[in-house]
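Chemist: pasted the sequence and its predicted model underneath.
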Amino acid sequence: MSSQQSRPIAMSPDRSAQARKPGLATRLLFGLGTLASILGLVVTYYFFVRTTMGQFIDESALVEATELSGSAGRASTKFLDMLPILSLAIAIIVVLFVTVARRRWTAAGIAVAACIAANLATQVLKLFIPDRPDRGVQTLELNSLPSGHTTLAASAAAAVFLMVSPRWRPLAGFLGSTFAVATGVSTLINQWHRPSDVVAAFLVVGAVMLPAGWLILRGGSDWNVWKGYGEHWAASRLWVWLTTVALLLAAIVAGYSLLQVMPGLSADSTVDYFWAGTAFIVVAGYLSALGGTWLFGLAARKR
């Protein structure tokens, strides 16, 4: 056999990039994730806004938040006051740095457009969703779903997640979801929003950012490749485990708190509904991070 025949055929850069683009199975997963976010938004709205039980749980969590007023309320108010500037500053710095360093102009345009679209969608929904119907629960009738502050924080974190390279995504997912969860809990403590408003904001961001992420991955090249967990400290499984543990603990808290008022949803509770509502927020935020980290990691793996 000649040396020419034994020489391996080199794949051109274009063919190599094409080989690393996500395939049909990954596209279906992204589509299912988007549909799940939309369906979750519809279910969240119907249960917590249109049913008596949902309204009672939601409103009770908001009322019981007054138990944490004082120093916690003042601290969260300062955080919420700084949130718009803080969210935009973090997103702009990271997106600009990655864009300039990696020359990913198209990806940056998609990420920024998706961030804007998520916030616009939240405002449109707040405007057109009907006011809360009278179900015998003492509550403000005006619609407050989804939470604008939470959408801003979560969409900024998601834009950063979309722009960083795969080995940074486990860390970005954990930190970004923690930032968004802290925002959502702060809106509850300050009685700006009910738990369902925050959960709905996470779902709006997921419904918008997943298709945007797919478009970015379709332009995949060498930046969209990693060796798996452990290749870099930011790609450590530690961040996934921390996200998972926070998610499981919150689910336990939600279940335990609701068991304290079941059956019949007792009106004697002073903090159980608040902790259940807080746990709903934590579960929604960290579940989004866990799903996104897994899905984007799957799409970025080498064949």
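Modeler: Everything's here; your move.
Chemist: how close does the closest residue to residue 143 other than its chain neighbours get to residue 142?
Modeler: Spatially, and ignoring its direct neighbours in sequence, residue 143 is nearest to residue 129 (4.9 Å; CB to CB, 6 or more residues apart in numbering). For every residue, glycine as well, the C-beta is placed using N, CA and C. According to CB to CB, to the nearest Å, residue 129 and residue 142 sit 10 Å apart.
Chemist: give me the more crowded residue out of these two.
Modeler: Neighbours per residue, other CB atoms under 10 Å: of residue 129 and residue 142, the larger number sits with residue 129, 15 against 8.
Chemist: isn't the more buried one right up against residue 46?
Modeler: No - using CB atoms under 8 Å, residue 129 is not in contact with residue 46, being 11.1 Å away.
Chemist: okay, now the unreliable bits of the stretch 201-303 of the chain?
Modeler: 220-222, 301-303 (pLDDT under 70).
Chemist: again, 90 this time
Modeler: The stretch 201-303 of the chain contains residues with pLDDT under 90 at 217-232, 261-271, 297-303.
Chemist: quick check: buried residues in stretch 96-114?
Modeler: 98-99, 102, 104, 107-108, 110-112, 114 (16 or more other CB atoms under 10 Å).
Chemist: just the ones in helices from those residues, please.
Modeler: Among the buried residues of stretch 96-114, DSSP state H puts 98-99, 102, 107-108, 110-112, 114 in helices.
Chemist: including distance to residue 181 and pLDDT, could these go into JSON lines?
Modeler: Formatted as JSON lines, those follow (distance: CB to CB, whole Å; pLDDT from 0 to 100):
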{"residue": "98", "distance to residue 181": "24", "pLDDT": "82"}
{"residue": "99", "distance to residue 181": "27", "pLDDT": "80"}
{"residue": "102", "distance to residue 181": "29", "pLDDT": "78"}
{"residue": "107", "distance to residue 181": "26", "pLDDT": "89"}
{"residue": "108", "distance to residue 181": "26", "pLDDT": "90"}
{"residue": "110", "distance to residue 181": "25", "pLDDT": "93"}
{"residue": "111", "distance to residue 181": "21", "pLDDT": "93"}
{"residue": "112", "distance to residue 181": "23", "pLDDT": "92"}
{"residue": "114", "distance to residue 181": "20", "pLDDT": "95"}
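Chemist: which of those residues sit farthest apart?
Modeler: 102 and 114 (18.1 Å; CB to CB).
Chemist: show me where this protein has helices.
Modeler: For the chain, applying DSSP H gives helices covering 3-6, 13-19, 24-45, 52-64, 71-102, 105-128, 148-163, 169-189, 195-218, 237-261, 272-300.
Chemist: mind checking those for the one nearest to residue 137?
Modeler: helix 52-64 (4.3 Å).
Chemist: other SSEs contacting the closest one?
Modeler: Contact here means 3 or more CB pairs under 8 Å, 6 or more residues apart in numbering; DSSP states H and E; on that basis helix 52-64 packs against helix 195-218, helix 272-300.
Chemist: by contact count, what packs against the first one?
Modeler: Read it as helix 195-218. Short answer (3+ CB pairs under 8 Å, 6+ apart): helix 195-218 packs on helix 24-45, helix 52-64, helix 105-128, helix 148-163, helix 169-189, helix 272-300.
Chemist: quick one: residues contacting residue 159.
Modeler: When contacts are counted by CB atoms under 8 Å, 6 or more residues apart in numbering, residue 159 is found next to 91, 95, 111-112, 114-115, 209.
Chemist: make JSON lines out of those residues and add distance to residue 259.
Modeler: Shown next, in JSON lines, are the contacts of residue 159 (distance: CB to CB, whole Å):
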{"residue": "91", "distance to residue 259": "39"}
{"residue": "95", "distance to residue 259": "44"}
{"residue": "111", "distance to residue 259": "42"}
{"residue": "112", "distance to residue 259": "44"}
{"residue": "114", "distance to residue 259": "39"}
{"residue": "115", "distance to residue 259": "39"}
{"residue": "209", "distance to residue 259": "34"}
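Chemist: nice, that's everything, thank you.
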